[in-house]
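Undergrad: Sequence and computational prediction follow.
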Amino acid sequence: MGWISNDNEHEGWAAAVAPDGRLSSSSSGQGILVEGITGRYQPDKMLPDYEVVPDREIVGWRGACDCGWRGELWERVPSPATADFSLRRDYVSPDEFANASTTVEDAIHDEWKVHLAPLEAVAGVEAAAREYNQAGRRLDKTVAAAKAAGASWTDIGRAVGISRQSAHERWADRH
């Protein structure tokens, strides 16, 4: 299950990592689906450009985003005794599906959100700039309408919070 950014431009997920470093995009009852044909694994019956890597061979997990971002590896370790969250190591039994544990998936989700933070902040700047430009165009039109209705530069300047001279300099050539 993946995550979608607020602007619907990014989709992230906790990807299983095959021994050759390829990342999963999905899974099936037979194993983890990875794009590309190496000949080492069985091709998937429904997706001919994908191979099925057995769950027991998955070496770890990392965050992935459809924009190309990749998080750091969370290593799959061979025993519960060697698991250490602080060292990015987690145990999933070789007899189980090779999905990341809830703890690791939550940590990967947090990493993905950090990846998105600058992008979402810039999106906020873009939205504010659009609103600012729209407000500026609306102000220009209303000043022109006020001038056409007989308002003085003093009145217009007072309404905007600037001097008569500043109002005249800003809008005199626009109407």
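TA: Perfect, thanks for sending it.

Undergrad: Now do the contacts for residue 164.
TA: Contacts of residue 164 were listed using CB atoms under 8 Å, 6 or more residues apart in numbering, and they are 152, 153, 154, 156, 157. No exception for glycine: its C-beta is placed from N, CA and C like everyone else's.

Undergrad: Return the member of the residues you listed nearest to residue 87.
TA: residue 157 (64.8 Å; CB to CB).

Undergrad: From the contact counts, what lies against the helix or strand containing that closest one?
TA: Using DSSP states H and E, residue 157 sits within helix 153-160. Applying 3 or more CB pairs under 8 Å, 6 or more residues apart in numbering; DSSP states H and E, one finds that helix 153-160 contacts helix 102-148, helix 164-171.

Undergrad: Run the chain-centre distance for the helix or strand bottoming out on mean pLDDT in the chain.
TA: Scoring the helices and strands of the chain by mean pLDDT, DSSP states H and E places strand 24-28 at the bottom, with a mean of 84. In terms of CA atoms, centre = their mean, to the nearest Å, the centre of strand 24-28 is set 20 Å apart from its chain centre.

Undergrad: Excluding residues flanking it in the chain, which one is nearest residue 22?
TA: Of all residues not flanking residue 22 in the chain, residue 34 sits nearest, at 4.2 Å (CB to CB, 6 or more residues apart in numbering).

Undergrad: in the host helix or strand of the one you found, what's buried?
TA: Assessed by DSSP H and E, residue 34 sits inside strand 31-35. For strand 31-35, burial by neighbour count (16 or more other CB atoms under 10 Å) applies to 31, 32, 33, 34.

Undergrad: can you check stretch 128-141 too?
TA: In stretch 128-141, counting by 16+ other CB under 10 Å, buried: nothing.
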